[in-house]
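> Provided below for reference: sequence and predicted model.
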Amino acid sequence: MLAQALEDLWAISPDPRRDRLTAAFITHAVALATGVAPSDIASTGRTSKAAARARQIAIYLAHVNFNWPLIRVAFAFNRDRTTCGHACHRIEDMRENAAFDARMSVLEACVKQAPEAIPELTQLGADR
């Protein structure tokens, strides 16, 4: 069963390690925008409402900006797929508020600047 799950994930994400790094990039961008510590956003335990909302924003940004299926977002953020779906619905509903939508547009533009992997640089780390 675990082997099948890993095989399914590989079919969805050619580089799960890179997905986790991208999720960390998004988490830090959201942390800067919201003032919530990245560790609180990434926490798997009970957190404040602000941390939960920031986490939902990060999950939403990964799903919408990178067109990742929810299962891929779930893996990258160490969450359940249904939790990620709930997060996306919550943020979509909140975007009805013009001020919130404007802030989300700024965050989306920021996250779209996530750098692509540079093969020459990634190979440097492998040589060590």
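Structure's in. What do you need?

> buried sites along the longest helix anywhere in the chain?
Longest helix in the chain, counting residues (DSSP state H): helix 16-34. Neighbour-count burial for helix 16-34 flags D19, T22, A23, A24, F25, I26, T27, A29, V30, A31, A33, T34 (criterion: 16 or more other C-beta atoms under 10 Å). Every residue, glycine included, has its C-beta placed from N, CA and C.

> Now do that helix: which elements does it pack against?
Counting contacts by 3 or more C-beta pairs under 8 Å, 6 or more residues apart in numbering; DSSP states H and E, helix 16-34 is packed against helix 38-42, helix 49-65, helix 70-77, helix 98-111.

> Just put these in a markdown table and tack on mean pLDDT.
As requested, the helices and strands packed on helix 16-34 are exported to a markdown table (pLDDT from 0 to 100):
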| stretch | mean pLDDT |
| --- | --- |
| helix 38-42 | 96 |
| helix 49-65 | 97 |
| helix 70-77 | 94 |
| helix 98-111 | 96 |
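
> could you dump those helices to CSV with mean neighbour count and distance to C84?
What follows is the helices and strands packed on helix 16-34, written out as CSV (neighbours: other C-beta atoms under 10 Å; distance: least, C-beta to C-beta, whole Å):
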stretch, mean neighbour count, distance to C84
helix 38-42, 18, 14
helix 49-65, 22, 5
helix 70-77, 22, 5
helix 98-111, 13, 16
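
> hmm, back to that, tell me the one of the buried residues of helix 16-34 nearest P115?
F25 (8.3 Å; C-beta to C-beta).

> Would you mind measuring from that closest one to R46?
Plainly put, F25 is 25 Å away from R46 if you go by C-beta to C-beta, to the nearest Å.

> Ok, R90 next?
From R90 across to R46, the span is 17 Å (C-beta to C-beta).
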